[in-house]
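Asks: need a 3D model of the sequence below.
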Amino acid sequence: MDDRGHDVAPAVETTADEIAAMEIRGAATIADAAAEALAIQAQRSDADRPDAFERQLRAAAKALYETRPTAVSLPNALRYVLAGMDGETVAKLRASIVDRAGEFRRDLDRAQSKLGSVGANRLRDGDVVMTHCHSTDALACLEAAVEDGTEIEAIVKETRPRMQGHITAGQLREWGVPVTVIVDGAARRYLDRADHVLVGADSIAADGSVINKIGTSGLAVLARERGVPVTVAAQTIKLHPDTMTGHTVEIERRDEREVLDEEARAAITDGVDGVDDGLTAENPAFDVTPPRYVDAIVTEHGQFPPETIVTLMRELFGETVDEPWEL
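Replies: Now for the predicted structure:
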């Protein structure tokens, strides 16, 4: 045992690795996995003292937190579960974490359904929706519309470099929605056919700025030029409470090999001495869309103009938020 308490459970380490590798993706899915991992940590703990148990839970939370700095649903889930840790014995502490994690996961499941109903009300028969990346919240709006009998079509951006738009396209086809997949650079051309742009969010700042998959901001600017409304679907777990105190959302940089793998690098530098030393690739995972390019943020609590989202944020989180995983 080190000065942090017992080791983090292997299942938690596995979850952390899967989140970091984007095998677990999507803000709601990440939050759900994090809450489940804390419950597993509690259930499998062999701590014999309450203080050791608490240190172990905080160490597990910290390991999870450090995997994805931009996806605020992750720290919000960790804060929620750890806030319910209470008891004078290890058994009571364990029960409180398991109960709190279960409550969070049930609320999370209901939240997406509520959000979907709110977002579906913005769609009408014959509407064509352009999407970017893969968002379970955005898909919840489209699923609810389909279930209501609304006839819609989708233009799906492929969303490089990981081609996450293909996931969206596959889900929409399962629901019988006609889909046109386009390359990212063709968005301006096809916006003339679109009635809505619908995207998700990984984080939303207090000023209404939307942090989402790289390419979202460019799409929003083009949509404004074309007069196409932009709707952001985001559960309130994606609100970034730290931004109320001036915190800047960190933009995750992913491995350059997603953009420039070894084979591509070798092809570029073949036969040119020294050029490899000056060849780099930038791979930011997200960008920031200013609130002036967003028409509405749809949540399980209703839809909001982006400039007013801070009011909801204060109601849910208060003015400041601590970091309970810090040891």
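Asks: E18 sits in which helix or strand?
Replies: For E18, the element it lies in under DSSP states H and E is helix 10-20.
Asks: which positions within that helix qualify as buried?
Replies: 12, 15-16, 18-19 (16 or more other CB atoms under 10 Å). Any C-beta I mention is one placed from the backbone N, CA and C, and that applies to glycine too.
Asks: list the contacts of it.
Replies: Helix 10-20 has contacts (CB atoms under 8 Å, 6 or more residues apart in numbering) with 24, 30, 33-34, 36-38, 40-41, 44, 60, 63-64, 66-68, 74.
Asks: quick check: mean pLDDT of the following helix or strand past that helix?
Replies: With elements assigned by DSSP H and E, the helix or strand that comes after helix 10-20 is helix 27-44. Across helix 27-44, the average pLDDT comes to 93.
Asks: now do the buried residues in helix 27-44.
Replies: In helix 27-44, counting by 16+ other CB under 10 Å, buried: 27-28, 30-42.
Asks: what of stretch 299-307?
Replies: Buried, per 16+ other CB under 10 Å, within stretch 299-307: 299-300, 303-304, 306.
Asks: and for stretch 83-91?
Replies: Across stretch 83-91, burial judged by 16+ other CB under 10 Å covers 85, 90.
Asks: and T289, what are its bridge partners?
Replies: Per DSSP bridges, the residues bridged to T289 are V210.
Asks: which residues sit in contact with it?
Replies: 209-212, 216-217, 220, 230.
Asks: let's go with 7 Å and repeat that
Replies: With contact set as CB atoms under 7 Å, 6 or more residues apart in numbering, T289 has these partners: 209-210, 212, 216-217, 220.
Asks: look up phi and psi at the nearest residue to R49 once chain neighbours are set aside.
Replies: Excluding the flanking residues, the one nearest R49 by CB to CB, 6 or more residues apart in numbering is V90, at 7.1 Å. Backbone torsions for V90, taken as degrees, to the nearest 10, come to phi -60, psi -40.
Asks: quick one: contacts for V90?
Replies: Residues in contact with V90 (CB under 7 Å, 6+ apart) are 47-48, 50, 53.
Asks: what subset of those residues is buried?
Replies: The neighbour count (16+ other CB under 10 Å) marks 47, 50, 53 as buried among those.
Asks: could I get those as TSV with pLDDT and secondary structure?
Replies: Formatted as TSV, these follow (pLDDT from 0 to 100; DSSP: H, G, I helix; E, B strand; the rest coil):
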residue	pLDDT	secondary structure
A47	94	coil
P50	96	helix
F53	96	helix
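Asks: identify each buried residue in the host helix or strand of A266, please.
Replies: Assigned by DSSP H and E, A266 belongs to helix 262-269. Across helix 262-269, burial judged by 16+ other CB under 10 Å covers R265.
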